[in-house]
Structure formats: C-alpha cells, structure tokens
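K.L.:
here's a sequence, model it:
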Amino acid sequence: MPASGTMGGLLVLLTFLAITSANAKPNAGLKTWGRFNKLPYPGDKAFLHDTFPKDFIWAVGTAAYQVEGAFEKDGKGLSIWDTFTRGGNRMATGDVGSDSYHNIHADIRAIRQLGVTHYRFSLSWSRIFPNGTRGSYNEIGTHYYRTLIKKLKEIRVQPVVTLYHWDLPDHLQQTLGGWSNAELVGIFKDYADFCFHTFGDDVKFWITIDNPFVVAQHGYGTGVVAPGIKNDPDLPFRVGHNLLKAHAAAWHLYDQHYRPRQQGKLSMALASHWIKPSRTRLESLRACQCSLDHVLGWFARPLFTDGDYPPCMKEKLGSRLPSFTQEEREQVRGTADFFALSHGATLSFQLINDSLKFRQQEDLDLRMLLYWVNAEYDKPPIFVLQSGWYVLGNTKTEDPKHMYYLKRFIAEALKSIVIDGVNVIGYTAWSLIDGFEWHREYGIRRGLYYVDFNTPDMKREPKTSATFYRNVIQRNGFPEFPENRPAQGVFPCDFAWGVSANSIQVETTPSQFADPNVYLWNISNNGELMRLEGLSAPPVRRTPHCADYATIRQQVDEITQVGVTHFHFSLNWSALVPTGDVAHPNTTLLGYYRCFTRQLLQANVTPVVTLWHHTRQRSSLPAPLDRANKWLNRKTPEAFEEYARLCYRELGAHVKVWITLNEPNDEMVSYQEGHQMLRAHALAWRAYDRDFRRTQGGKVSLALHMDWVEPAFSFSREDVEPAKRVLDFCIGWFAEPIFGSGDYPQGMRSWLRQLNSLELPVFNEEDRKLVKGTYDFFAISHFSTKLVTHAKEDSYTYTAMLEVQHMIDTTWIKSLRSRPVVPWGLRKALNWVKEHYSDVPMYVMANGVQEDPARFKDSLRVYYLYNYINEALKAYTLDGVNLKGYFAYALSDQRDPGFGLYGQIHEEVIVKASLSNYRNIIQHNGFPIQGAAAQQCPSLPQPCPGCHVLVKRPVVGFLTLVGSGVLITLGLIIYYTAKRHKECY
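P.N.:
The predicted structure is shown next:
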C-alpha cells in the first residue's frame with residue numbers, strides 16, 4: 001500500500017477532479033475514481049444487507065447460436081458461426097449446442113424454477129431469413145420463436161429479445177462482406193421491421209445488437225470470433241460505424257411506427273471492462289477514462305451524448321476513425337431508451353487487448369462501472385443485460401466460483417442503487433444453460449443449469465448457482481436478518497480483556513545504575529547535568545531490582561494504556577534452558593521473566609504465559625532436542641514436563657494462567673509429532689495439577705489455532721461433510737483427545753482408514769488416560785474463515801488428502817495478505833466448541849488482522865475488532881457460550897509486524913486508532929444498550945497487595961523515589977568530597 005502522504009496527495013487531486021468535473025460533460029465519469037477513494041474503508045466494502053426496488057427486473061439470458069443447435073433443420077440458413085467453426089484450428093461447433101430448438105419445454109421449466117421476471121434470448125437471423133433478406137423468409141423458424149414467446153407468457157415471464165447476437169447470415173458475409181458493407185444498414189432495418197411487426201405485441205424490451213465492440217474488434221480485427229477477419233487494422237472502426245447506423249435506423253423505425261402501439265423500449269447492449277489507475281497521477285486517471293472510451297464509449301457516447309466518438313478515440317486514431325456528418329449525428333444521438341450493459345466474463349477471456357488498457361489495471365468492479373456510466377451519460381436507467389462468471393468445462397452441478405461471483409455482482413448492483421443512487425432497473429444472470437462458448441467452445445461453462453452434452457435429450461440439472469440465484473430472487477436481494485445486526489449488551493464483570501504478543505522484548509542488562517559517570521547538577525542556572533571528565537563512580541554493589549529494567553517499564557506502560565486486565569506472551573524454551581537440562585537454566589533470563597510478570601501484577605494486569613509457541617520458522621526447542629529429531633524424539637515430552645516444572649516453580653507465584661502449547665495444530669506438523677505434543681501437554685498439565693495447583697491456584701490448558709471452515713454451499717450435504725472433515729483434522733485432531741474421548745476423532749480415523757493410511761498413531765491405554773481431561777479451559781486463536789467444497793476446481797487450493805477445495809467468498813473484505821475478514825466465523829467457531837464439549841470455559845486467546853504498518857489510522861483493524869468482539873458477545877449472550885475472555889492480537893508491530901495496536905517509526909512508539917477503540921470497548925465491557933443503567937460490578941481484589949504504595953498512592957510513591965534519588969546523590973557528593981580532601985593531604 002502507498003504511504004499515507006502519497007494517499008493524501010491523491011485524495012486532494014481526486015477531490016479537485018470530482019469538483020471540476022461534476023458539472024462537466026463529457027468526461028463527467030472522471031470523478032468516479034475520486035469519489036470511491038473517499039468512501040470510508042472498510043465500512044464501504046462490507047456486505048450490504050438490503051433489498052432491491054419492488055419493480056426490479058430479475059432476468060436470465062441465452063444467445064441463439066450458443067444453445068439452439070439444429071443448425072440446418074427446418075430451412076435454417078448458415079450463419080457466420082456455422083462457417084467459422086469449420087475453418088482454421090477450430091475443434092468444436094455449435095451445430096447442436098444445448099439443443100434448445102428441440103427442448104423448449106426443458107428451458108421453460110428451468111426458467112420457471114428460477115422465478116425470474118424476464119428471459120433474454122436472441123433471434124437467429126438466418127433461421128428467420130436464411131439468406132438474410134425478407135425474400136428468403138422461413139415460416140418454420142419464425143414459428144419456433146412465436147412458440148417460445150407464447151410459453152414465456154404462460155409462465156408470466158417477459159421476453160427481452162435481441163435481434164443480433166453475433167450470428168450474421170453467412171450469405172450476407174459472403175456476398176456483401178458482412179458488417180463492413182454499409183448496405184447492411186438497410187438490410188438490418190428490414191429484418192428489424194419484420195421482427196417488430198411479428199413479435200412486437202408481446203415484447204417490451206428489444207436489443208438491436210449485442211456487444212458491438214466484440215463484433216467489430218474481434219470479428220473484423222483480431223479474427224478471434226466469427227467471421228474471423230484480421231487483415232485490415234482499420235476495418236473494425238468502419239464496422240463499428242455501420243453497426244451504430246444500423247442500430248439507429250432500427251430505433252427510429254420502432255419509434256415512429258411501433259412504439260405508439262406496442263409501448264416497448266429499445267437499446268443496444270454495450271459491454272465493458274473496468275479499469276483502475278496504476279499510479280496516483282492525473283495522467284493515469286485520464287488513461288483509465290480513455291480505456292473505457294475505446295471500449296464502451298466507442299458506442300455509448302454517440303448514442304447517449306452527442307452522436308459522435310469520444311475525443312480520446314479521435315485524437316489517438318485520427319483519420320482511421322470514420323466521421324459522422326451532422327445529419328448522421330442527429331440520426332444516432334439519443335437512440336437508446338435505456339442503457340443496456342453487459343459485464344463480466346464476456347470481456348475477461350483476453351478480449352481486452354493490453355493496448356486498450358493504456359498501462360492501467362483491469363478490474364471487475366461492477367459498482368464503479370455503474371457509477372461511471374451514470375455520471376458519464378447523464379443518469380440513464382441501466383439494465384444489466386449480461387453478468388456472471390464461468391467454471392471449467394469438466395465442472396458439473398457444483399459451481400462455487402460462478403455462484404460467488406454472481407453474489408458479488410448482484411451485491412455491487414444493490415450498493416449502486418442503495419448507496420450511490422444509480423438507477424439500475426434490472427439484472428440478468430448469464431446464462432440459463434451451458435452451451436457453446438464462442439471461441440472457448442466447450443472448455444468452459446457459464447450456465448445456471450448443467451447440460452449433459454452426452455445424453456440424447458441434453459439433460460438439464462440445476463447447479464448450486466441456480467439455487468443461489470433463485471433464493472436471491474425470492475428475497476429480492478439480501479434482506480437483513482437478526483443475526484446480521486450488531487448486538488447490544490455487556491460481558492460479565494469478571495470477563496478477561498487481554499492483548500497478546502508472540503514474545504516480549506528482552507534486554508537483560510539493567511538500564512538503571514549502569515552509567516559509571518559522575519555529573520554535577522547545575523541547579524542555579526539551567527538545571528542541566530554536567531558530566532565531570534575523568535571521574536567515574538565505583539561499581540554499585542547491589543542486587544538488580546525489577547525496576548532497573550527500562551524495557552520492562554516501557555512494555556508494561558504500553559500494556560496498561562490499552563486498558564486490559566490480562567496480557568498473554570510466550571516464553572522462549574530454547575533460551576531459558578539452552579542445554580536442555582533444567583538444572584542449568586539461564587538464570588538471568590528467568591529473572592527477567594520473573595520481573596516482567598511481577599511488574600504486570602503491580603500494574604493490575606494478569607500475566608498469561610505460554611511455555612512453547614509453535615512457529616514454522618524454527619522449532620524453539622533446546623539445541624540438543626532440536627538436533628535429536630525434535631518432537632519425534634520420545635524424550636521430548638518428558639523434557640517439556642521438566643521445563644514446565646521449572647517455569648511453575650520460578651514464575652508460578654505471579655502467573656495464574658498457563659498455556660502449555662500455543663497453536664501446535666499446524667498443518668505442517670505430522671501426526672507423529674502431534675502425538676508427542678499431546679503427551680507433552682498432558683505431562684505438563686498433570687505436573688501442575690499434582691504438585692502446584694494447591695499452592696498456586698492457577699489454571700492450565702493449551703491454545704489451538706481455529707479459523708472457521710464453512711461449507712461453500714450451506715444448503716448442500718455434499719459440502720457440509722467436507723467442512724466437518726476439515727474441522728476434525730484441524731481442530732478435533734488435538735481437541736478430541738484432551739476435551740473429548742481421549743482418542744482422535746472417529747471421522748478422522750475412518751477417513752484415513754478409507755485411504756489405507758496408517759499414519760495416525762494409536763493411543764495405548766496409559767496414554768489415553770494421561771491425555772484425557774488435561775484442561776481447565778478451551779483457548780483458541782482465531783483470525784479468519786475459509787470456504788470448502790468437495791468440487792475440485794483449482795489444483796492450487798485443493799487438498800487431495802481430504803478431497804476438499806478451499807475458496808473464499810468474493811464479497812468478503814480482504815486484509816493485507818488477502819485473508820478474509822469474516823466476523824461471524826468467530827461466533828460459529830465458539831459454537832462448534834460448545835456443541836462438541838458442552839459448557840467448557842472458553843478464551844479467545846488471539847484475534848487480530850494484519851494491516852499496512854504505515855497506516856496508524858488503522859481503520860481495518862478498528863472495523864475488525866469491533867465486529868469480531870460483537871460476534872463474541874452474540875455467542876455469549878444469545879448462544880450461551882461460556883466465554884471467559886477475549887485477547888486482541890497483537891500489542892505492537894515491533895514484535896508482530898502489521899498486527900499491532902502500537903506502531904513504530906524509528907524509536908518513536910505510535911498509538912494507533914485501533915488501540916483507542918479497543919480501550920473504549922473494554923471500558924464499557926462490551927456494547928451496552930443506550931439509555932440502560934450502567935453495569936454494576938464489585939471492585940476486584942488487587943493481584944499484588946504488597947504493591948499498593950506504588951499503585952494506589954502514586955504521589956507517595958513518587959516522593960519516595962525522588963527522596964531516594966536525592967539521598968544517593970548526596971551520598972556520592974560527600975564521598976567524592978572526602979576523597980579529594982584526602983588526596984590534597
């Protein structure tokens with residue numbers, strides 16, 4: 001992310017652009033990037049729970065050549081796609097497609113199941129006029145469309161009819177050169193006249209031409225699509241010119257002769273990508289505007305603005321771009337009754353050349369595109385006529401990627417209406433059924449319904465995306481449910497509010513009394529200390545005190561400023577017992593930890609101490625154990641027990657909450673290593689329970705990493721089972737032996753047995769008794785949520801051993817390393833523990849998000865902590881989870897980069913915005929109901945009664961310290977004065 005200063009400069013620039021362009025036309029869309037840069041982050045990125053307007057159009061669509069098939073049946077003529085797919089290196093054709101020509105009833109059944117209000121389809125020009133002109137009229141082909149429209153009306157679905165969706169009669173291409181010939185303007189007008197006359201009484205929405213950019217640029221420029229012409233770089237612009245004039249001719253025909261009676265609306269479907277600036281400069285914004293002008297503006301500006309091409313195109317293309325006469329401008333301008341917009345995969349198959357991106361970055365932001373169209377073309381009603389995504393050709397009925405992209409695009413359309421005030425009148429999911437996907441042939445699928453191309457009747461089955469879309473339509477969007485609303489209430493009075501750090505800063509040299517120099521205090525002048533050259537104080541023969549360590553004082557001060565009652569940190573086993581022999585510990589480091597925990601208590605902060613913190617980078621085991629097979633060494637658990645006893649003995653007077661192992665359940669840990677870790681934990685717990693609990697009164701457990709795992713399709717049992725399986729292998733692996741049966745989860749064992757795997761160790765009876773029940777509470781570290789499905793799609797995120805595909809919801813907010821921010825996942829994780837292990841006391845021992853360390857106004861972390869803590873409150877108040885404490889992660893960027901409540905610039909410590917917000921939540925003990933009486937909590941006993949002078953009476957303490965300092969100074973002065981007198985004699 002850019003530094004805050006750079007972002008500030010960009011905001012000033014974009015604000016200026018927004019102001020100066022607000023009333024300017026054209027290029028009014030230039031304010032779009034500035035406007036969205038100023039929206040509150042991450043709140044604006046959060047999912048919006050709301051509904052669409054009551055009269056919103058819900059549609060689904062297809063194109064004739066992709067689905068109809070029957071390419072030579074009942075008098076149909078050849079189209080340019082029939083010819084194109086038989087030439088070059090083409091591997092497949094649309095001769096059969098999805099065979100919709102013979103499957104009207106199956107298509108109608110699918111449309112009715114979805115519950116849409118409108119169905120968009122295209123007419124096959126060569127099925128109606130086999131050679132392209134009225135003289136070749138084919139009644140049987142026309143009857144097919146009459147029947148389709150009639151069936152739609154019977155189920156109360158309105159047709160949205162496209163006259164031309166890329167399948168020009170081949171005869172017109174061969175004899176006239178297709179759209180490169182201006183004669184096609186009149187021919188198309190006559191074809192449109194026939195369609196208006198024949199079908200118009202039942203059609204209220206007409207599309208003349210679909211995606212003229214692809215027709216011109218890739219049909220007559222790159223040759224990627226039919227008719228595959230690519231020998232004239234200027235030809236696409238002449239083709240585009242004719243397409244615009246053909247559309248305008250059809251619009252005027254309808255407006256003058258059919259609209260008064262039929263009352264329909266007509267437009268041209270324009271497709272576009274979205275683009276964002278690669279650099280924070282005005283030139284980049286203008287390049288983005290120019291990129292959109294070359295794709296969308298090429299056709300939109302003549303229709304919606306002034307009847308002419310965008311200045312950017314004219315400037316770059318010069319004479320290569322045809323020009324309109326004044327009469328032609330008037331003929332073209334205003335010939336659209338609504339803005340018909342296509343978005344998504346149409347232009348994401350490498351159909352936007354890099355040269356048209358002008359070194360900027362292509363993006364998939366439908367919301368920003370809608371806002372740009374709204375601003376650039378003076379607030380037209382916008383009908384999204386094609387939107388969606390795709391899956392690979394071998395995908396069957398589970399299409400999670402398509403479903404979540406569909407969710408994203410619909411959600412962006414909703415925000416566009418509710419937040420941005422854009423007049424979006426309808427949304428069309430693409431497409432109804434799988435079919436022939438143009439130049440991608442059958443390599444991908446875009447249908448909401450799966451088509452089995454190997455069955456005689458082309459069997460259709462609803463995909464999960466169809467189920468999702470049907471549910472959205474039934475609810476008219478994403479209405480807010482009670483679980484989506486923030487909770488109000490407070491946690492119990494004894495709730496543990498904490499902050500966690502992986503480690504603390506250790507400097508074992510006392511910082512006080514370490515300076516041997518002698519100073520004079522210039523009390524009569526400026527009060528400065530003046531060092532006396534050549535003089536040094538004798539070594540101070542005193543035992544170091546805890547107050548001598550400046551690093552401890554600084555860290556404790558930082559912790560107390562957060563307002564927490566608990567602080568969680570980890571000891572370093574390899575540093576405390578470097579030889580592995582607890583008889584020879586690092587006494588200096590042990591003393592430092594003892595001081596640190598004591599100082600925490602003096603500050604009324606309860607230390608929570610982890611004995612061993614798992615990291616992937618290093619084992620953190622003493623060197624002899626590290627060299628001797630690490631955790632696979634059966635002596636390691638016994639060594640860990642002895643190490644735990646050392647810590648209990650030396651620190652137990654100050655530490656009442658212990659974590660034996662922190663996050664040992666890492667996927668990189670083998671089952672054999674995990675088995676020994678479980679034994680190590682159990683031995684350490686038993687040692688405390690047997691020999692220390694009675695005198696020290698503390699609690700011991702382990703902390704497990706527990707990100708939530710959600711089925712990608714919550715309504716599919718086939719995905720619920722994989723989610724349970726992943727939780728068994730990730731959480732139950734360590735939890736079930738300790739908190740449950742004393743053995744590994746049954747689902748884990750049976751799955752591995754099914755795979756003929758013998759990797760999972762077996763507990764003997766002794767170990768089972770040793771491990772089972774070794775807990776005082778259940779502690780988790782939770783950061784994010786992921787989705788799983790059994791349908792394999794992406795090998796990079798597929799776990800073959802568990803047969804699960806990992807993925808994320810594209811509507812989720814992403815953190816610095818693209819980890820999703822999903823607050824409700826914490827609530828589900830807490831409930832999972834409750835369901836499996838009853839009323840066990842629970843602690844969220846670490847919960848945090850990584851953000852750019854340079855962002856001290858860390859709005860993402862503010863959002864994260866507020867919403868995750870709120871979900872924890874729901875778990876406590878609504879679900880009855882026995883939640884005892886919550887620890888934010890982490891204290892400082894210095895020890896945990898990017899996660900800290902404190903930042904740092906060089907030596908200066910910076911308090912981030914999230915710290916103040918977290919402290920405010922702690923002070924209110926949650927989210928109290930406004931107007932309710934304040935929570936009455938009894939005063940808690942001080943953890944360090946002997947420290948009351950410094951804690952309860954700071955003035956007395958301060959005077960005591962000052963007096964001590966004065967006495968020491970006077971003593972030194974008297975000492976050196978006497979010494980000088982002796983030297984003089």
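
K.L.:
helix or strand right after the helix or strand harbouring A375?
P.N.:
A375 belongs to helix 366-376 when assigned by DSSP states H and E. Using DSSP H and E, the helix or strand that follows helix 366-376 towards the C-terminus is strand 382-387.

K.L.:
what comes up buried for that next one?
P.N.:
Neighbour counts over strand 382-387 (16 or more other Cβ atoms under 10 Å) mark 382-387 as buried. (Glycine included, C-beta is placed from N, CA and C.)

K.L.:
ditto for stretch 83-95
P.N.:
For stretch 83-95, by 16+ other Cβ under 10 Å, it's 84-85, 93-94.

K.L.:
of those residues, closest to R238?
P.N.:
F84 (20.0 Å; Cβ to Cβ).

K.L.:
any idea how far T117 is from the closest one?
P.N.:
According to Cβ to Cβ, to the nearest Å, F84 and T117 sit 34 Å apart.

K.L.:
again with A59
P.N.:
Going from A59 to T117 by Cβ to Cβ gives 7 Å.

K.L.:
neighbour-wise, which of the two wins?
P.N.:
Per other Cβ atoms under 10 Å, whichever of A59 and T117 has more neighbours is A59, with 28 against 16.

K.L.:
pretty sure that one is in a helix, no?
P.N.:
No - with DSSP: H, G, I helix; E, B strand; the rest coil as the criterion, A59 is strand rather than part of a helix.

K.L.:
quick one: average pLDDT of stretch 362-374?
P.N.:
Averaged over stretch 362-374, pLDDT sits at 96.

K.L.:
list of residues touching that stretch?
P.N.:
Identification of contacts with stretch 362-374 by Cβ atoms under 8 Å, 6 or more residues apart in numbering yields 29, 32-33, 35-36, 272-276, 292, 296, 300, 339, 341, 343-344, 348, 352, 380, 382, 384, 387, 408-409, 412-413, 415-416, 420-424.

K.L.:
which of these count as buried?
P.N.:
Applying 16+ other Cβ under 10 Å to the contacts of stretch 362-374, the neighbour count classes 29, 32-33, 35-36, 272-276, 292, 296, 300, 339, 341, 343-344, 352, 380, 382, 384, 387, 408-409, 412-413, 415-416, 420, 422-424 as buried.

K.L.:
so, low pLDDT: which residues of the stretch 301-450 of the chain?
P.N.:
Applying pLDDT under 70 to the stretch 301-450 of the chain flags the ranges 345-352.

K.L.:
tell me where it has helices.
P.N.:
In the stretch 301-450 of the chain, the helices defined using DSSP state H, counting those that start in this stretch lie at 311-317, 326-332, 366-376, 400-418.

K.L.:
which of those is buried the deepest?
P.N.:
helix 366-376 (a mean of 24; mean count of other Cβ atoms under 10 Å).

K.L.:
ok and that helix relative to strand 382-387, angle-wise?
P.N.:
140 degrees (axes from the mean of the first three to the mean of the last three Cα atoms, to 10 degrees).

K.L.:
from the chain's centre, how far out does helix 366-376 sit?
P.N.:
22 Å (Cα atoms, centre = their mean, to the nearest Å).

K.L.:
can you check stretch 200-213 too?
P.N.:
With Cα atoms, centre = their mean, you get 37 Å for stretch 200-213.

K.L.:
just stretch 78-86 next, same as before
P.N.:
Distance, stretch centre to chain centre, for stretch 78-86: 42 Å (Cα atoms, centre = their mean).

K.L.:
end to end, how far does it reach?
P.N.:
Stretch 78-86 stretches 12 Å from its first residue to its last (Cα to Cα, to the nearest Å).

K.L.:
can you check stretch 120-132 too?
P.N.:
Stretch 120-132 has an end-to-end distance of 22 Å (criterion: Cα to Cα).
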